[in-house]
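*Asks:* Any chance you could fold what I've pasted below:
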Amino acid sequence: MNDRLTRPDWIRHGLRTLARDGPNALKVGPMSARLKVSRGSFYWHFQDIADFRAQLLQSWQEISTDRVIRDLDAREGEPDRLKRLMRRALSGTRNLDRSIRSWAAEDQEVAAIVASVDARRVARIAELLVDAGVESERAIHRATFVYWAYLGQAAVMDPRLSSLSAEASDDVSALFER
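*Replies:* Here you go, the predicted model:
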């Protein structure tokens, strides 16, 4: 890269590195070399690797949770928001989430952030179920189960079984709305 890197450039690179190679690859030297810049570029934007890692986690939360919730909220009153969420959640690869959870298994601070994200996601799914007519107590149980399925999907290694078509996802989400 010939242009000066920005903090968002480093964050994007860190998220790609984390998704591709896991948390142990988040080292200043190798990341700088891959970007063809000096280590000084990194330290221009971040105090240290701990600061960088904290900002990576914040960015992951923004992209994977906060933005999704804002998108759903922008469609408040529309039918089928749960279906829309499930389509979005079950359609792509989740190497980054897998790496974040692997990291959380080794780091209590990361685990606390992931637990907070999990709680927010389950609560939001439960709200969507209540909006679809499910009684509150049942909604939280169903939301928890739906979230378990979401997490389990990331562990499936056979590509033929790692995603659902939009129609299949709609069919499954309808099971939880009744």
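*Asks:* Show the model's pLDDT score for the residue nearest the centre of the chain.
*Replies:* Taking C-alpha atoms, centre = their mean, the centroid of the chain lies closest to Ser64, which sits 3.6 Å from it. Looking at Ser64, its pLDDT reads 90.
*Asks:* Helix or strand: which one has the residue nearest to it when sequence neighbours are not counted?
*Replies:* Closest residue to Ser64 apart from its sequence neighbours, by C-beta to C-beta, 6 or more residues apart in numbering: Asp97 at 6.8 Å. C-beta: built from backbone N, CA, C; applies to glycine. Element membership for Asp97, per DSSP states H and E: helix 95-106.
*Asks:* list the buried ones in that helix?
*Replies:* 96-101, 103-104 (16 or more other C-beta atoms under 10 Å).
*Asks:* Equivalent analysis for stretch 53-66, please.
*Replies:* Across stretch 53-66, burial judged by 16+ other C-beta under 10 Å covers 53-57, 60-61, 64-65.
*Asks:* Out of these, which one has the lowest pLDDT?
*Replies:* Ser64 (90).
*Asks:* helix/strand/coil for that one?
*Replies:* Recorded secondary structure, Ser64: helix (DSSP: H, G, I helix; E, B strand; the rest coil).
*Asks:* what sits against it?
*Replies:* 96-97, 117 (C-beta atoms under 8 Å, 6 or more residues apart in numbering).
*Asks:* Enumerate every residue touching the closest residue to Phe46 other than its chain neighbours.
*Replies:* Leaving aside its sequence neighbours, Phe46 sits nearest to Phe52 (C-beta to C-beta, 6+ apart; 4.3 Å). By C-beta under 8 Å, 6+ apart, Phe52 lies in contact with 10, 14, 26, 28, 42, 46.
*Asks:* and which of those is nearest to Glu177?
*Replies:* Closest approach between the contacts of Phe52 and Glu177, by C-beta to C-beta: Gly14, at 38.0 Å.
*Asks:* Give me the contact list for the helix or strand encompassing the closest one.
*Replies:* Here Gly14 sits within helix 7-21, counting by DSSP H and E. Helix 7-21 is contacted by residues 1, 25-26, 31, 34-35, 41-42, 45-46, 52, 55-56, 59-60, 63, 95-96, 99-100, 103 when judged by C-beta under 8 Å, 6+ apart.
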